[in-house]
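In: Sequence first, then the predicted structure, then my questions.
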Amino acid sequence: MKLIKSIVRPNKVDEVKDALEKLGISGMTVTEVRGHGQQKGHTAIYRGKEYNVSLLPKMQIEVVVSDSIVDDAIKAIVQSAKTGEIGDGRVFVLPVEQTYKIRTGEKDAM
Amino acid sequence: MYRTGLLPSIGDYRPMPDPAGTDPGSLNQPPASAVGLPVQLEEARRELRDEILRGHGGRGALARFSDRLDAIVRQIVAAAPHVPQPVAPMAVVAIGGYGRRQLCLHSDIDLLVLFGGRLGDAEEKVLRAILHPLWDLGLAVGHQVREIEEFGRLEVDNPEFLMALVDARPIAGDRGLFDRFESAFHHAGTHAHVVGALNALIDERYALFNSTLYQLEPDVKESPGALRDLTATRWIAALTDPSLLRRGVEDPSKIEEAEDFLLRVRSILHLESKRNHNQLTHPLQENAADILGYPGAFPQQRVERLMSDYFRHARVVMRSLAWMRKVAPTPAGLNLGRASDGILFIDVRQAAVQPATWLAAFQAAIDANCPVSDPALAVIRQYTERFRVEDFFPTPAHRAALLRFLKPAPGLYARLSEMHDCGLLGRMFPPFQAITYRVVRDFFHKYTVDEHTLLTIRNLERLGTGAAPDRQRFSSLLKDLEAPELLVLSLLLHDVGKWRDDDHHLESVRMAREMFGRIGLPQEARDTVEFLIANHLAMSQVAFRRDTEDPDIVRKFAELVGVEERLKMLCLMTLADVEAVSLETLTPWRAELLWRLFVDTYNHLTIGYGDERIEGDLPGNAELLTNRPADLSDADITRFLEGLPRRYLQLFDRDAIYRHVRLARDIRPDEVHLWLEQKGTAWELTVVTLDKPFLFSNISGVLSSFGMDILRGHALTNPNGLVLDVFQFTDQERFLELNAGAREQMFTVLNDVVSARETVTERLRGRARSLFHQRPLRVTPVVHCDNSSSKRYTILDIIADDEFGLLYRISRVMSQNGCDVDLVLIATEGHRAIDVFHITKAGRKLSEPDQLELAAHLQRMLEGGYEAD
């Protein structure tokens, strides 16, 4: 089982969500985040004054999927979040050791 | 209720009848008299002395004495026209104790001589012709001379004079002028100030007497419980709520009795001391007791009875004043007062049938930063169902008051909530009634639609007052808005369509349109409100759901909003709307996205519009051609529009565009075609001509030479060299308003300067001091050159102190650097001028060295170290 953490453009969330749902992945956590990667922000001008926009608004989507569909899920995310321009985001894949249901305390089968 | 200049003539206080009358026809008519003035005065004094000695020198005797003096003054005024007539109308007005018709034997004669125009030699001669005879009669005259215009501002440093004016009574002269004085003097602001000053003076006076009425040798005028207290009691009632005199802690007849007693005693003091002496000393107590006929075998017994009566009456007066000071509301408007629990109606019965006055109660509450009182809300709640929208806004003044009320201000949300709670908001705005308690279930909204709507206004209000650090950038937008009340009106109506379940923004627009006519909204304002309501979801959809780094997305959004003002309004509307959904909806993340879209769109509108020109067929063109007036051909319109920035079609309505086409038709070199019209408090000048060097600076220089302060405007140039400049400016010296032929004079000068028959430098010489005077900088000047945002132009952003002649100086420096000014956006926000110039040099963008040189020259000029010649 893997945790897939994706950082995507804010306007791409719905497309990523739809793509994941097509794979049967419906449970997810979506968080508003700000940061920069390779994009490193840019200089903006407002009324003649320049200022640096270093932390850019992004959305973080987290899903936990079984090992068997990790590759499909990554592919779906990349395809749906891609514009081809700098700033499209990143996908991180992390191993998940155990999961528990809080309501029952029951440990999920891995 | 406040329009009475005399003390209230209601049952509990009855001024003595005025046998001379004060109707306009009688003011200047002296009573027929066969004897001279000194004899008349002596007769009047003898009569009063006789009355005093009989113990009857009270209200009636003093009123009769005042009338005799009135007759003397009228004769003197009637005689005054023997000197040259004054140009201005004049009125002689009794004020203070004389105005109250309580003139004692040796009191000063307090007069206000009022002129309807400027005081000149003729007026001074008339003044002397009135005052000299009074002085010759040996009267002590306390005179004040004023021009009527002086009552346009409150003499806050002269509270005693203001109080004396409360008792103003016309004696002679122009009654119409006196009426003008009353209109100028009697309004809530003056009344509130006078009551405040009066309370302060009472405290000071009490301190002199250790705040006790039980003085062994009291001053019958000044002591606590004496005549000044009585006058103060009546003044407060007259200036706040006259009905308080009926409802006081003391029976009105007891107050009248006390007044008569105190006046009788005072008259004796004047008679016995032969001067304006008011202290009831031990020796004078004996005299007074004898004259007033107090029984007793010994003087001490008679005095004790006199003083016992004195203290009894003084206690009545002092208690009355204390109660009056405690309960009297502070004047807050017509039929409105401010008490400890908020704004109240002075006359509830009157308020109940005058719904047009209700909004003023809520405005007064905002102005005073207090609530509307529960009793006032109860009246509105009880009667509001009886009235229609039109009853609340029957006149243009009422409709203007509504827009003023909707300006974002501390307390607006609270007042609107009060209006909603008592049912008034739904009666004033029937569409709002449709969403009262309306529940729309969705994933985000946490409140009913009506409360969500009011919360949007609260969010806007908070932006205007101490916004959190992360909101200050939005707060600055709010401060810059020309008509923030339209934004509030849009917010108030933006969700009314949610009474239905589908496409609420379209339904909201339909319902809002129904309101526009009923509240008399001007067409331009209607367009703005309709746009905001129709598109209130657009900016959040683009900011949060679209890729705003795509220039095409920004361009399309910029096309939707069209101009900066609408962009600012829509941005603020979106912020306020999102924040009112729930406590968690407007995250810093969303605020950031919204701001970025704002900045990108703003930049597109101000620095990116130069490359988007009107070419070929645009939807806007077709509409213009279809609706064109008969005197214009398709070719006229097409030729004019071709090559202008597309932004032009969004800046001006059809009528303005047709006017521009007419001005541009058949124009020849050196000709200037002009159009000038007043727009609210500003003027708008349209200039159409053909381009030439220094043109923009010459035109702005001419406006400065006439003292005009340019606020905003646009300068547009098409590739054929046709120039269209539109300037909005204020005329603080009222040159255009006050001078016949001013408009023609300005046009002539513009023609002469543009065609080089006159130089603007020469014209500006007279104003050189203010133009080039170096003042401390309030805004650090910003000069920013941008060669990348436009294919055709170098763009120059300039932010600087909004100073007289600034635009002339900036554009002159540009022209002196060999630059052509092609497009200009002129804006003023507070004391900042924000100008964006699209410039070229020899038809191209500026080179790097040219940019640096120009920026350095401009920077130096803006910092005060450079003078244009």
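Out: Alright, I've got the coordinates.
In: for residue B:714, helix, strand, or coil?
Out: Classification of residue B:714 by DSSP: H, G, I helix; E, B strand; the rest coil places it in strand.
In: gap between it and chain A?
Out: As for residue B:714, its distance to chain A is 17 Å (criterion: CB to the nearest CB, to the nearest Å). Placement of C-beta: from N, CA and C, glycine included.
In: Tell me which helix or strand comes right after the helix or strand harbouring residue B:207.
Out: Assigned by DSSP states H and E, residue B:207 falls within helix B:188-208. Scanning forward in sequence from helix B:188-208 by DSSP H and E, the next helix or strand is helix B:227-239.
In: Can you dump the C-alpha atoms of that following helix in PDB for me?
Out: Below are the C-alpha coordinates for helix B:227-239, written out as PDB (Å, rounded to 0.1, in the frame of the first residue of the first chain):
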ATOM      1  CA  LEU B 227     -32.600  83.100  35.700                       C
ATOM      2  CA  ARG B 228     -29.700  81.600  33.600                       C
ATOM      3  CA  ASP B 229     -30.800  78.100  34.700                       C
ATOM      4  CA  LEU B 230     -34.300  78.900  33.700                       C
ATOM      5  CA  THR B 231     -33.200  80.100  30.300                       C
ATOM      6  CA  ALA B 232     -30.900  77.000  29.900                       C
ATOM      7  CA  THR B 233     -33.800  74.700  30.700                       C
ATOM      8  CA  ARG B 234     -35.900  76.200  27.900                       C
ATOM      9  CA  TRP B 235     -33.000  76.300  25.500                       C
ATOM     10  CA  ILE B 236     -32.200  72.700  25.900                       C
ATOM     11  CA  ALA B 237     -35.900  71.800  25.400                       C
ATOM     12  CA  ALA B 238     -36.100  74.100  22.400                       C
ATOM     13  CA  LEU B 239     -33.000  72.600  20.800                       C
END
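In: how far does the helix holding residue B:207 sit from the chain's center?
Out: Here the centre of helix B:188-208 is set off from its chain's centre by 25 Å, with CA atoms, centre = their mean, to the nearest Å.
In: separation between the closest residue in space to residue B:634 that isn't next to it in sequence and residue B:509?
Out: Closest residue in space to residue B:634, ignoring its immediate chain neighbours: residue B:625 at 5.2 Å, by CB to CB, 6 or more residues apart in numbering or on different chains. Note on residue B:625: its distance to residue B:509, by CB to CB, to the nearest Å, is 27 Å.
In: neighbour count winner among the two?
Out: Counted by other CB atoms under 10 Å in any protein chain shown, residue B:625 and residue B:509 do not tie: residue B:509 has more neighbours, with 22 against 15.
In: now the more buried one: how far from residue B:198?
Out: Taking CB to CB, one finds residue B:509 at 53 Å from residue B:198.
In: So which residues make contact with the longest strand along chain A?
Out: Counting by DSSP state E, the longest strand found in chain A is strand A:56-65. For strand A:56-65, contacts defined as CB atoms under 8 Å, 6 or more residues apart in numbering or on different chains pick out A:1-10, A:12-13, A:16-17, A:20, A:25, A:27-36, A:39, A:41, A:73, A:77, A:87, A:89, A:96, A:99, B:589, B:592-593, B:596.
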